[in-house]
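Novice: predicted model and sequence below, questions to follow.
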Amino acid sequence: MRLVSHLIAVNREIRLRRQLADIERVVLALPARAHADLQQLVKREMELAAACDFPHLYGTPADERYSTYGLGPDIGLTKARSDNHLIATRGVALWIAAVYHETLNAKRAGMEDLHRQILRLIRQIKELSAPRRDAVSDWMDPRAIA
C-alpha cells in the first residue's frame, strides 16, 4: 500500500508541474493590462480558499469533496486555456489558489519545490502588474534629484 500511495503522490507532482508550465505560458501571453486584474483575482481566490474548511480542495464540486486531490487545478487549467483573456485570468487565479494550498504543508521535497515555484509565479505576476515608468518621466521627476 505504501508503494501505491507513493506512486499516486509522484503522479500528482508530475501532473502539477506540467500544469505549472502551461499556467506560466498563459500568464506571459496575457495582455499587459490583464496582469493587474490577475493580481487582484489571485489575491481574492487565495482569500476565498483560505476561508474554506479544506483549502486544498478549493474549486472542487461538492460531490467530489471526498477525493484524495481536488479538481480545482484541473478546472482552473481548463479555464486558463481559454481564448478569452477574462476567463483565462480567472482560471489562472483558481489554479494558483488551489495548488498553493495543496502544496502549502507538503512533506515531499518535490511538492515543497513546487510550492516555491508557485510563490515565484505570484511574485512574477506582481512584478508584471506594477506600473512601468519610462526614462523620460524618471529624469523629470523632482524626487530623482535627491
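Specialist: On my side now, so go ahead.
Novice: from now on I want contacts and neighbour counts done on CA atoms only, so please keep to that.
Specialist: Fine.
Novice: give me the below-cutoff pLDDT ranges for the protein.
Specialist: Across the chain, the ranges flagged by pLDDT under 70 are 132-146.
Novice: what residue is smack in the middle of it?
Specialist: Ile96 (2.0 Å; CA atoms, centre = their mean).
Novice: got the contact list for Phe54?
Specialist: The contact partners of Phe54, by CA atoms under 8 Å, 6 or more residues apart in numbering, come to none.
Novice: quick check: it vs Thr60, distance?
Specialist: Distance, Phe54 to Thr60, by CA to CA, to the nearest Å: 10 Å.
Novice: same check on Arg17?
Specialist: Taken as CA to CA, the span from Arg17 to Thr60 is 19 Å.
Novice: which residue packs closest to Arg65, ignoring adjacent ones?
Specialist: Leu57 (7.0 Å; CA to CA, 6 or more residues apart in numbering).
Novice: for Leu71, see how far away Tyr3 is.
Specialist: Small correction: residue 3 is Leu, not Tyr. 23 Å.
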